[in-house]
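Trainee: Whatever this is, show me its structure:
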Amino acid sequence: MSPADAAGPADVVVALDVGGTGMKCALVRPDGTTVHTERHPTDAGRGPDAVVETILDVAEGLAGKARADGRDPVALGIAVPGVVDEATGVAVWSANVGFRDVPLRDLAAQRLGLPTVLGHDVRVGGLAEARLGAGRGTGHVLFVAIGTGIAAAHVVDGAAAGGAHGAAGEIGHVLVRPGGPRCGCGRDGCLEAVASASAIARRYAEATGAGPTGTAGDGGPTGTPASAADVADRAAAGEPAAARVWAEAVEALADGLATGQALYDVETVVVGGGLAQAGPRLFDPLRAALHERMTFHRRPRLVAAALGDEAGCLGAALLALDAR
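Mentor: Numbers count the residues shown, from 1 in each chain. Okay, here's the model as predicted:
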């Protein structure tokens, strides 16, 4: 019997997707239907203890909202970035939020009195896309989120593995360009250092001579620094520097995804995150470049994520339901 089949008509799961800037929060029915949403600032600059207290306050408020509306909160799912030990419910490390070995699952369970799970933000996003979104009906899915960084989740039959130490899926740190740009992890040439949205914007600024405040160098553009979306637009319009940076990012992404396919042999690759909003400007050349790299491996279906920024909340809810 599935969690949805076992649920009562008024059951909901409290779900939080915690990021460095904001929290996306929801009450979710066991069938994946969202009945209430909220957003709250994380304000990570206050420190991890304050962030934890905000998470607990928001979760408690959502459970109260559910009861006030005649619904029954049956579980709590929390997704956070960084390294997450899902088995022990500990947020091991997060640069964005400042967590260091925070037993968030137990703290939340004690506060709310609900069965609670803690998950990794990208893995739960992949879980939602595989079961409810663009990978639905597919047994083997690789979900790749491309934004400030790049991370992935390998979902098999509706479950995403976290690895032995909670760090599975760090495809952004696959080496694709030896001797290339320095990555935030300290190594040169990681996929994330070439093809993340932040890397595309940075590399375009370097190529055009734009300074940190957007002032021009010799022949560079003026005003606000270009985003990755701006680079995609300018590449489509034929601007040489933008076209070069965009093409290099697409080629690097194809190399990273080809490595992922060699490792996981998936049916579907779902690409989400901010860069996916480039649409055909990303997917058309990326699909062609990925297929060029396939030899004996089967070509995966390459599609855009379908759930947008709701994926984290939905995935956190699914994870909580699975654990009941």
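Trainee: So what's the residue count around the closest residue to residue 11 other than its chain neighbours?
Mentor: Closest residue to residue 11 in three dimensions, ignoring its sequence neighbours and counting by Cβ to Cβ, 6 or more residues apart in numbering: residue 74, at 4.8 Å. For the C-beta atoms, the positions are set from N, CA and C on the backbone; glycine is no exception. Neighbour count for residue 74, taken as other Cβ atoms under 10 Å: 22.
Trainee: and if you look at the one 4 residues further on?
Mentor: Residue 78 has 31 neighbours, counted by other Cβ under 10 Å.
Trainee: roughly how far apart are it and residue 103?
Mentor: To residue 103, residue 78 is 12 Å away according to Cβ to Cβ, to the nearest Å.
Trainee: try residue 31
Mentor: Counting by Cβ to Cβ, the gap from residue 31 to residue 103 is 31 Å.
Trainee: Check residue 294 too.
Mentor: In this view, residue 294 and residue 103 are 44 Å apart by Cβ to Cβ.
Trainee: which of the two has more neighbours?
Mentor: Each of residue 294 and residue 103 has its neighbours counted (other Cβ under 10 Å); residue 103 has more, 16 against 13.
Trainee: How about the contacts made by the more buried one?
Mentor: Contacts for residue 103 were tallied using Cβ atoms under 8 Å, 6 or more residues apart in numbering; they are 88-90.
Trainee: what separates residue 35 from residue 122, distance-wise?
Mentor: Distance, residue 35 to residue 122, using Cβ to Cβ: 25 Å.
Trainee: same question but for residue 276, I mixed them up
Mentor: Per Cβ to Cβ, residue 276 is found 13 Å from residue 122.
Trainee: which one of the two has more residues nearby?
Mentor: Counted by other Cβ under 10 Å, residue 276 and residue 122 do not tie: residue 122 has more neighbours, with 31 against 21.
Trainee: Show me how the record splits this protein into domains.
Mentor: Domain assignment for the chain by automatic domain parsing gives 3-130+309-323, 137-305.
Trainee: Give me the distance from the longest one to the chain's centre.
Mentor: Using Cα atoms, centre = their mean, to the nearest Å, we find the averaged C-alpha position of domain 137-305 to lie 13 Å away from the chain's own average C-alpha position.
Trainee: list the buried ones in stretch 173-182?
Mentor: Buried residues in stretch 173-182, counted by 16 or more other Cβ atoms under 10 Å: 173-177, 180.
Trainee: sorry, that was for stretch 59-68
Mentor: 59-60, 62-63, 65-66.
Trainee: Ok, stretch 27-45 next?
Mentor: Neighbour-count burial for stretch 27-45, counted by 16+ other Cβ under 10 Å, picks out 27-30, 32, 40, 42, 44.
Trainee: residue ranges with poor pLDDT in the stretch 151-300 of the chain?
Mentor: 211-223 (pLDDT under 70).
Trainee: can you give me the helices in it?
Mentor: For the stretch 151-300 of the chain, applying DSSP state H, counting those that start in this stretch gives helices covering 191-195, 197-208, 228-236, 240-264, 280-292.
Trainee: Which elements pack onto the first one?
Mentor: Packing partners of helix 191-195 (3 or more Cβ pairs under 8 Å, 6 or more residues apart in numbering; DSSP states H and E): strand 150-156, helix 197-208, helix 240-264.
Trainee: Comparing the ones you listed, which stretch has the densest surroundings?
Mentor: Comparing those by mean neighbour count (mean count of other Cβ atoms under 10 Å), strand 150-156 comes out on top with a mean of 25.
Trainee: Helix 240-264 and that one, what's the angle between them?
Mentor: 30 degrees (axes from the mean of the first three to the mean of the last three Cα atoms, to 10 degrees).
Trainee: Other residues contacting strand 150-156?
Mentor: For strand 150-156, contacts defined as Cβ under 8 Å, 6+ apart pick out 120, 122-123, 125-127, 129-131, 135, 139-145, 160-161, 168-172, 191-192, 195-196, 256, 260, 264, 266, 273.
Trainee: Strand partners (parallel or antiparallel) of it?
Mentor: If you go by DSSP bridges, strand 150-156 pairs up with strand 140-146 (antiparallel), strand 159-160 (antiparallel).
Trainee: Go ahead and flag the most central residue of this protein.
Mentor: residue 122 (3.7 Å; Cα atoms, centre = their mean).
Trainee: Next up, the contacts around the nearest residue to residue 227 once chain neighbours are set aside.
Mentor: Spatial nearest neighbour of residue 227, chain neighbours left out: residue 201 (5.4 Å); criterion: Cβ to Cβ, 6+ apart. Listed by Cβ under 8 Å, 6+ apart, the contact set of residue 201 reads 225-228, 230-231.
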